[in-house]
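**Q** turn this into a model:
(one chain, ligands or ions: 1)
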Amino acid sequence: MSITVSNPVKPGVRLVPAMIGKVDREQRVYIECPAWCVIDHVAEPETHVEDISHTTGSACIVGMSLTKTGIIHALHSTVRTDPSSDDPRLKAAHVVVDDESEDAYMTPDMAEEFADALISFASAVRQQARAARLANLPADSDPDIDEALRRVRERDAR
Ligand SMILES: [Zn+2]
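**A** Here you go, the predicted structure:
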């Protein structure tokens with residue numbers, strides 16, 4: 001006699017322990033958790049199983065100011081899934097971009113479009129940095145003046 005046991009866990013998903021229940025009355029249960037999830041569902045208990053979500057580690061960019069101390073702008077992004085959501089778009093894996101005041105929930109297509117916009121923004125900021133650097137050079141190092149001096153010196157050398 002052979003017994004066949006099917007694996008009830010989907011590929012890319014593992015069974016992990018989670019603590020669920022009211023404070024000091026939590027129960028250990030096992031939940032499906034995507035392999036990319038970094039949440040310790042035991043260390044971070046939830047009152048209801050419906051409150052469980054899964055998330056990746058965060059990518060983060062910060063902006064500083066030369067006139068103030070500390071972080072002026074911060075943007076974080078993660079992959080998240082909310083298995084108990086009524087919204088199938090939030091139930092599916094999606095990207096959350098958080099500016100520390102509001103979360104923007106993005107489908108993978110929306111996140112790629114946002115990433116392309118960030119790349120364009122980064123390119124514009126880099127060009128602005130170059131323009132500012134050139135504007136701050138001493139006058140005799142201005143590329144236009146250097147070119148004029150070169151032409152004068154070439155003319156004088158003839
Ligand atoms: Zn998880």
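
**Q** so after the longest helix that the chain contains, what's the next helix or strand?
**A** For the chain, the helix with the greatest residue count under DSSP state H is helix 108-135. Using DSSP states H and E, the helix or strand that follows helix 108-135 in sequence is helix 143-157.

**Q** residues in contact with Val38?
**A** By CB atoms under 8 Å, 6 or more residues apart in numbering, the residues touching Val38 are 55-57. In this view, the C-beta of every residue, glycine as well, is placed from N, C-alpha and C.

**Q** dihedrals phi and psi, it?
**A** As for Val38, its main-chain torsions (degrees, to the nearest 10) stand at phi -110, psi 0.

**Q** try Gly12
**A** Note on Gly12: backbone dihedrals following degrees, to the nearest 10 are phi 80, psi 0.

**Q** what's the local residue count around it?
**A** By the criterion of other CB atoms under 10 Å, Gly12 has 9 neighbours.

**Q** nearest residue to it other than its sequence neighbours?
**A** Spatial nearest neighbour of Gly12, excluding adjacent residues (CB to CB, 6 or more residues apart in numbering): Ala35 at 5.2 Å.

**Q** residues contacting the one you found?
**A** 12-14.

**Q** quick check, central residue of the protein?
**A** What sits nearest the mean C-alpha location of the chain, by CA atoms, centre = their mean, is Ser77, with 2.5 Å.

**Q** from Cys33, how far off is it?
**A** Noted for Ser77: a distance of 20 Å to Cys33, by CB to CB, to the nearest Å.

**Q** same thing with Glu113?
**A** The gap separating Glu113 from Cys33 is 29 Å, by CB to CB.

**Q** who has more neighbours, these two?
**A** Cys33 (21 against 12).

**Q** the helix or strand that one falls within pairs with which strands, parallel or anti?
**A** Taking DSSP H and E as the criterion, Cys33 maps to strand 27-34. With DSSP bridges as the test, strand 27-34 is paired with strand 13-20 (antiparallel).

**Q** in the strand holding Cys33, what's buried?
**A** 31, 33-34 (16 or more other CB atoms under 10 Å).
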